[in-house]
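Colleague: please work out how this folds:
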Amino acid sequence: MLSDRRPILLANARIIDPSRDLDIVGDLLIADGMIREARKGIGAAGVPEGTETVDCRGKVVAPGLIDMRAFVGEPGAGHRESFASASQAAAAGGVTTIICQPDTSPVIDDPATVDFVLRRARDTAIVHVQPMAALTKGLNGKEMTEIGLLKAAGAVAFTDGARSVTNAQVLRRALTYAREFDALIVHHTEDPDLTGDGVMNEGEFAARLGLLGVPRAAETVMLERDIRLVALTGGRYHAASVTCAESLEVLRRAKDAGLNVTASASINHLTLNENDIGSYRTFFKVSPPLRAEDDRKALVAAVGTGLIDVAMSDHNPQDVETKRLPFAEAAAGAIGLETMLTAGLRLVHNEELALMALLRAMSTRPAELLGIPGGSLRSGAPADVIVVDMDAPWIIDPNELKSKCKNTPFDEARMTGRVVRTIVGGRTVYEFA
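Modeller: Below you'll find the model as predicted:
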């Protein structure tokens, strides 16, 4: 890792800035931790003395990614992932800001814990870390947290992580209260009663494997309810992880009605489907479960049109003891910080999704929704920048990934395209040798 903060000129690059729909070949100048300018023909003559010049011919320069849903173990489960290890993985994957989830031990449900997370990350992480705080105390779904105090302490949004708030009155109150602080409510849309003991997508494939299924209705019933509560309260609402085509119809109606509703999809649901589970491969067990190929294609198309606003990693480290079990007993979750972008590039290379749309969903839109710096290469923006070699071939070796846990669904997958440099606040924090 290079720690100096010399000015950097990224020369001869394909510069993509979704915040301006900018796609040009030119140069990007970074100085004093900020982006000075991005245009054609800056050249070495127009830069400060001592500038490091990097020839990026044939490579893409883009805003650093903002991963809107990642579990980091601290506090309480640092053996699964620490801020240090998560940030190393993030930097290698082009993620310059991690949005961590509150389902830790203790739960991030009071200002002191928010402060701990921010301080701990500042001391040990090499990328930015911003916490979401709990929506309800102890993630119990019964009593909402002090949203105003938590936002003042530094929480960027409010969620109960992988738990849904089943009590409609509690969520209604939270949406109403959050509106007064312009706070974003991020909700996991999965009815636990309909999910039951299901472990994969309900359908013919689950029946063949003899596994209990999770119906799509578990998601759409909860999402329909939530949208009605948004209409009732006028709050800002974000669906944490949509997975099926039926949910997209609900989202479209909500947006057409002018409601303040947005949504994410995970890179797993955008690039994988239920058939990847094959013969009970537990690294493909995620929550919500992988759906059918038609659902996957619909999600990708929705990212392309902006109906789905954000693509995130849903990074969820699980150790060997919780994954090397029969499928029904294994923990759900996959790591994704380091592989989110390269997996997304599959969609670009297959011409399913434009690169601009992918980068917008992974950088610009998360910054806009959370009201945080980043996601732009405008002059004066923070210098959180990535350089991507779109054509670099590589095979993912779990042992070389920087996360503490190795539960990647892309084990030994052949990829094309990888991050070769990550710059955070004007400093190079990762460089592919």
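Colleague: and the helices in this protein, which stretches?
Modeller: 83-93, 111-124, 147-153, 168-179, 192-195, 204-209, 217-233, 245-256, 267-271, 293-305, 320-323, 340-349, 355-359, 365-370 (DSSP state H).
Colleague: out of the ones you listed, the one nearest G33 is which?
Modeller: G33 lies closest, by C-beta to C-beta, to one member of the helices of the chain: helix 111-124, at 15.2 Å. For glycine as for every other residue, the C-beta is placed from the backbone atoms N, C-alpha and C.
Colleague: mean pLDDT for the helices of the chain: which is lowest?
Modeller: Note on the helices of the chain: lowest mean pLDDT is at helix 320-323, with a mean of 94.
Colleague: pLDDT at P48, what is it?
Modeller: 88.
Colleague: and the closest residue to it other than its chain neighbours, how close does it get to I15?
Modeller: Nearest residue to P48, sequence neighbours excluded (C-beta to C-beta, 6 or more residues apart in numbering): P7, at 4.8 Å. Distance of P7 to I15, given as C-beta to C-beta, to the nearest Å: 17 Å.
Colleague: what about F116, how many residues nearby?
Modeller: Counted with other C-beta atoms under 10 Å, residues neighbouring F116 total 17.
Colleague: just the one 10 residues further on next, same as before
Modeller: By other C-beta under 10 Å, the residues close to I126 number 22.
Colleague: from A257, how far off is it?
Modeller: Using C-beta to C-beta, I126 is found at 43 Å from A257.
Colleague: do K297 as well
Modeller: In terms of C-beta to C-beta, K297 sits 26 Å off from A257.
Colleague: list the contacts of P63.
Modeller: By C-beta atoms under 8 Å, 6 or more residues apart in numbering, P63 lies in contact with 17-19, 359, 363-364, 374-377, 381, 384-386.
Colleague: so which of these wins on neighbours?
Modeller: Among the contacts of P63, S363 has the most neighbours (other C-beta under 10 Å), with 33 neighbours.
Colleague: surely it touches I372?
Modeller: No. Contact criterion C-beta atoms under 8 Å: S363 and I372 do not qualify, at 11.2 Å.
Colleague: which residues do these two both contact?
Modeller: With C-beta under 8 Å, 6+ apart as the test, S363 and I372 both reach I66.
Colleague: just grab the bridge partners of the residue most central in space within the chain for me.
Modeller: Among the residues of the chain, the one closest to the centroid is M312, at 2.5 Å (C-alpha atoms, centre = their mean). Per DSSP bridges, the residues bridged to M312 are S266.
Colleague: which pLDDT does the model give it?
Modeller: pLDDT, M312: 98.
Colleague: tell me which residues touch it, please.
Modeller: Contacts of M312 were listed using C-beta under 8 Å, 6+ apart, and they are 67-70, 241, 264-267, 340, 362, 366.
Colleague: hang on, the earlier thing: can I get the helices of the chain in TSV including distance to P48?
Modeller: Output for those, formatted as TSV (distance: least, C-beta to C-beta, whole Å):
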stretch	distance to P48
helix 83-93	25
helix 111-124	28
helix 147-153	37
helix 168-179	44
helix 192-195	57
helix 204-209	59
helix 217-233	49
helix 245-256	45
helix 267-271	38
helix 293-305	39
helix 320-323	50
helix 340-349	30
helix 355-359	28
helix 365-370	27
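Colleague: so which of the ones you listed gets nearest L28?
Modeller: Comparing the helices of the chain by C-beta to C-beta, helix 355-359 comes nearest, at 14.5 Å.
Colleague: quick check: which helices or strands does the closest one pack against?
Modeller: Secondary structure elements in contact with helix 355-359, counted by 3 or more C-beta pairs under 8 Å, 6 or more residues apart in numbering; DSSP states H and E, are strand 8-17, strand 60-63, helix 293-305, helix 340-349.
Colleague: coming back round to it: which one of K297 and A257 has more residues nearby?
Modeller: Neighbour count, other C-beta under 10 Å: between K297 and A257, K297 has more, with 14 against 11.
Colleague: which residues does the closest residue to the more buried one other than its chain neighbours contact?
Modeller: Distance criterion C-beta to C-beta, 6+ apart; nearest residue to K297, sequence neighbours excluded, is E352 at 7.6 Å. Applying C-beta under 8 Å, 6+ apart, we find E352 in contact with 297, 300, 304.
Colleague: what does E352 show for phi and psi?
Modeller: Main-chain dihedrals, E352, degrees, to the nearest 10: phi -90, psi -20.
Colleague: related to what we said a few turns ago, TSV for the contacts of E352, including distance to N316?
Modeller: Output for the contacts of E352, formatted as TSV (distance: C-beta to C-beta, whole Å):
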residue	distance to N316
K297	24
V300	22
G304	26
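Colleague: thinking again about what came up before, how near is the residue nearest to P48 to L358?
Modeller: Using C-beta to C-beta, P7 is found at 29 Å from L358.
Colleague: who has more neighbours, the two?
Modeller: Higher neighbour count among P7 and L358: L358, with 26 against 18, using other C-beta under 10 Å.
Colleague: can I assume E368 is in contact with S376?
Modeller: No. With contacts counted by C-beta under 8 Å, E368 stays clear of S376, the gap being 9.4 Å.
Colleague: follow-up on the earlier one: hang on, isn't the residue nearest to P48 packed against T53?
Modeller: No. If you go by C-beta under 8 Å, P7 and T53 don't touch, sitting 9.4 Å apart.
Colleague: could you tell me which residues touch both of the two?
Modeller: V47.
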